[in-house]
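In: Here is a sequence together with a model predicted from it:
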2 protein chains.
Amino acid sequence: MAVFGIFLLLVLMNIGIDMMGGDYAPLEAVKGIETYLKANQSQNIHLSLFGNSEEITPLLAMYNISDSNYTVVHTPQVIDMHEPPTKAFKEKQQSSIAVGFSHLAAGATDAFISAGNTGAMLVGALFSIKAVEGVLRPTISSIIPKQNGGTGLLLDVGLNTDCKPEQLNQFALMGSVYSHTVLGVDCPKVGLLSIGEEESKGNLLTQAAYQLLKNNKSINFIGNIEGRDAFNDKADVIVCDGFTGNIILKMAESIFDIVKNQNIDNEYFNRFNFEVYGGTPVLGVSKPVIIGHGISQDVAFSNMIDVATKMVDTHVLTKVQEAIKGCSLL
Amino acid sequence: MAVFGIFLLLVLMNIGIDMMGGDYAPLEAVKGIETYLKANQSQNIHLSLFGNSEEITPLLAMYNISDSNYTVVHTPQVIDMHEPPTKAFKEKQQSSIAVGFSHLAAGATDAFISAGNTGAMLVGALFSIKAVEGVLRPTISSIIPKQNGGTGLLLDVGLNTDCKPEQLNQFALMGSVYSHTVLGVDCPKVGLLSIGEEESKGNLLTQAAYQLLKNNKSINFIGNIEGRDAFNDKADVIVCDGFTGNIILKMAESIFDIVKNQNIDNEYFNRFNFEVYGGTPVLGVSKPVIIGHGISQDVAFSNMIDVATKMVDTHVLTKVQEAIKGCSLL
């Protein structure tokens, strides 16, 4: 086992980054790489940087990033933030997002990060690396800052607007694996977001999902939780459809903006800053994909790299796959 | 017109209050009445107080409330907070809620307020005074504190968990009438709560509702809004299904609790305190019914009386009725 451990340490991890994605690309991506590398010098990580090399290379030099840390993969096209995702992904095969996914699919990189067109990233995730067998639909999740200092997980946050009860049951399982494996939560408590604690409360979807979750022996289901419980310690994994989850996520982000506008400097509310968490991991696909906010800046990029390395290191997606097959590692 | 104005001022308004409803009944209801009467001495308001007279009468005396202001209607039964609503309302015909509604239905009172069993209040509203003709389903709304100092309206907040697009269209109309008539908003902007600004974004319900709202000439529809827009000035009336609205409402309430727990004293966030607004008016029924939070204390009761008088004064429910018939007063 010791030999195996040493071997693992020497393996170089290759993280792909879309340098052209987001409102502040490529500058903030470069600054994020600098921030990450300064804080993680001992890591055996190589970065594959997808984008316009003429734009990127001088910036990397300006920020004194050693070229031993990265390879630039020149991509002449860019998918803009507001292009129709499927069409853009199909037609711009030389874009940073499309080339980034082709490297991921081919195994040249171990993870892929972008703060670019969210829809195109999802199309890429679904069509290039595909959903894991048995997964009805992949899901995207978000970290929730708990008042007690802990870290919750909310999913789905926008990929699946209309859900079937079976999907919510899978979100619960995938979220539990992520919470346990990446966030280090022991036996994560799963709460079904609803509008009353009793089993019979909620809408048609949550009423049906409740029964599935109750009978799911692979998760630690604690019942319904309410909107007031989003930030307390009732649940570690909060399950809902993507419509509800997206509204909660964006409302939480706006609370951070309001707190700032009110000139309140508070340690807990500072954790509402999305930059702290970096991005949204896609669960239910075979390889780590992190989707960042369009307004991501250096801290967000650095944290996205961090999340990607953790996902690779912990083999969380393999564990999700095994859990879906019924061999839960929880 | 001047004579008519004077005549109106002399008309006595009779507001019914369930003295037994809520966690702090009847003491906080009595204190709320004291608070209200102190601040509104010139109002021609009489209060019908439903509850156990042996409990209420000494308290009213203790708080020096003149008996010219009220009539106690003794009701020997109480519907508890967690009783099954329909059964309790049917079987406890001598309860403060049931008797309160019978007075409202008979015209003995002009409005009815309770911080008691929400379900029983809704059952009472639906069965005693009934929905207005043409209303698919009544709705309950909540005030939203805007960052710019204004007041938004969110509906539905929990009565209708699974909605049809036509219901959302009616919520928009009823909410617009309330916003204009009671909150004084000129030509209220209606936003459909969704997960993207574009017409095509959202779930199946909002996509279908968008088309109805766009073609509704009686409202000022401004398109989709997102979770991040809940507290800004994009919309004055935020329309959503009751599942989503209830989660938002309870999350907003929890933000107030968190702000307090973090020892932040901020004028804007203080407006997140539900007590400021008192209670939730039911729209789409023929007479004013205000449902309060179970934890309502004196300020909440006082504000509920205030909301009830405004609803009676402005004839908002008649205006809702006329709007539903197609004779919009907006």
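Out: Arrived safely, thanks for sending.

In: Pairing partners for residue A:290 in the sheet, please.
Out: Per DSSP bridges, the residues bridged to residue A:290 are residue A:113, residue A:281.

In: Can you tell me which helices and strands the strand or helix carrying residue A:97 packs against?
Out: Assigned by DSSP states H and E, residue A:97 falls within helix A:96-106. When contacts are defined as 3 or more C-beta pairs under 8 Å, 6 or more residues apart in numbering or on different chains; DSSP states H and E, helix A:96-106 packs onto strand A:13-18, strand A:45-51, strand A:70-74, strand A:111-114, helix A:118-124. Every residue, glycine included, has its C-beta placed from N, CA and C.

In: Averaged pLDDT, the shortest one. What do you get?
Out: It refers to strand A:111-114. The average of the pLDDT scores along strand A:111-114 is 98.

In: Next: the second one.
Out: Predicted confidence along strand A:45-51 averages 97 (mean pLDDT).

In: what's the first-to-last distance across stretch A:287-296?
Out: Stretch A:287-296 has its terminal residues 22 Å apart, counting by C-alpha to C-alpha, to the nearest Å.

In: Buried by neighbour count: which residues of it qualify?
Out: For stretch A:287-296, a neighbour-count test (16 or more other C-beta atoms under 10 Å in any protein chain shown) marks A:287-294, A:296 as buried.

In: same question, stretch A:273-284
Out: Neighbour counts using 16+ other C-beta under 10 Å place A:273-275, A:277-284 of stretch A:273-284 among the buried residues.

In: ok, now stretch A:122-134?
Out: The neighbour-count check on stretch A:122-134 (16+ other C-beta under 10 Å) flags A:122-126, A:128-129, A:131-132 as buried.

In: Of all pairs in those residues, which one is the farthest apart?
Out: A:123 and A:132 (17.1 Å; C-beta to C-beta).

In: so residue A:182 touches residue A:313, yeah?
Out: No: using C-beta atoms under 8 Å, residue A:182 and residue A:313 do not qualify as a contacting pair, with a distance of 9.0 Å.

In: So which bits of the helix holding residue A:97 are buried?
Out: Across helix A:96-106, burial judged by 16+ other C-beta under 10 Å covers A:96-105.

In: Using the three-state scheme, assign the closest residue to chain B within the stretch 1-150 of chain A.
Out: Nearest residue of the stretch 1-150 of chain A to chain B: residue A:147, at 6.3 Å (C-beta to the nearest C-beta). Assigned by DSSP: H, G, I helix; E, B strand; the rest coil, the conformation of residue A:147 is coil.

In: Could you list which residues are in contact with the residue lying closest to it once chain neighbours are set aside?
Out: Sequence neighbours aside, residue A:231 is the residue nearest to residue A:147 in space, at 5.4 Å (criterion: C-beta to C-beta, 6 or more residues apart in numbering or on different chains). Contacts for residue A:231 (C-beta atoms under 8 Å, 6 or more residues apart in numbering or on different chains) come out as A:144-147, A:152, B:254, B:258.

In: if we can go back for a sec, so for residue A:83, which of the helices and strands packed on helix A:96-106 sits nearest?
Out: Among the helices and strands packed on helix A:96-106, helix A:118-124 comes nearest to residue A:83, with 7.1 Å by C-beta to C-beta.

In: The longest helix along chain A - contacts with which helices or strands?
Out: When chain A is parsed with DSSP state H, its longest helix is helix A:242-261. Applying 3+ C-beta pairs under 8 Å, 6+ apart, we find helix A:242-261 packed against strand A:139-145, strand A:151-155, strand A:189-193, helix A:267-270, helix B:242-261.

In: okay, the longest one in CSV with CA atoms only?
Out: Output of helix B:242-261 as CSV, limited to C-alpha atoms (Å, rounded to 0.1, in the frame of the first residue of the first chain):
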residue,chain,number,x,y,z
GLY,B,242,-47.1,28.6,-4.3
PHE,B,243,-44.3,26.1,-3.9
THR,B,244,-41.7,28.4,-5.1
GLY,B,245,-43.2,31.5,-3.4
ASN,B,246,-43.4,29.8,-0.1
ILE,B,247,-39.7,28.7,-0.2
ILE,B,248,-38.7,32.3,-1.1
LEU,B,249,-40.8,33.7,1.7
LYS,B,250,-39.4,31.4,4.3
MET,B,251,-35.9,31.9,3.1
ALA,B,252,-36.3,35.6,3.3
GLU,B,253,-37.6,35.2,6.9
SER,B,254,-34.6,33.1,7.7
ILE,B,255,-32.3,35.9,6.4
PHE,B,256,-33.8,38.2,9.0
ASP,B,257,-33.1,35.7,11.7
ILE,B,258,-29.6,35.2,10.5
VAL,B,259,-29.0,38.9,10.4
LYS,B,260,-30.2,39.2,14.0
ASN,B,261,-28.1,36.2,15.1
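
In: Give me the distance from it to the chain's centre.
Out: Distance of helix B:242-261 from its chain centroid, counting by C-alpha atoms, centre = their mean, to the nearest Å, is 17 Å.

In: how about residue A:238, secondary structure?
Out: Assignment for residue A:238 (three-state DSSP): strand.

In: picking up where we left off before, for residue A:182 and residue A:313, indicate the residue with more neighbours.
Out: The neighbour comparison of residue A:182 against residue A:313 (other C-beta atoms under 10 Å in any protein chain shown) goes to residue A:182, with 19 against 14.

In: where does that one fall, phi/psi-wise?
Out: phi -100, psi -40 (degrees, to the nearest 10).

In: same check, this time on residue A:76
Out: phi -70, psi -20.

In: how about the residues of the stretch 151-300 of chain A that lie near chain B?
Out: Contacts of the stretch 151-300 of chain A with chain B, taken as C-beta under 8 Å from any C-beta of the partner chain, map to A:158, A:161-162, A:193-195, A:202-204, A:206, A:226-232, A:241-244, A:246-255, A:257-258, A:261-262, A:264, A:266, A:268-269.
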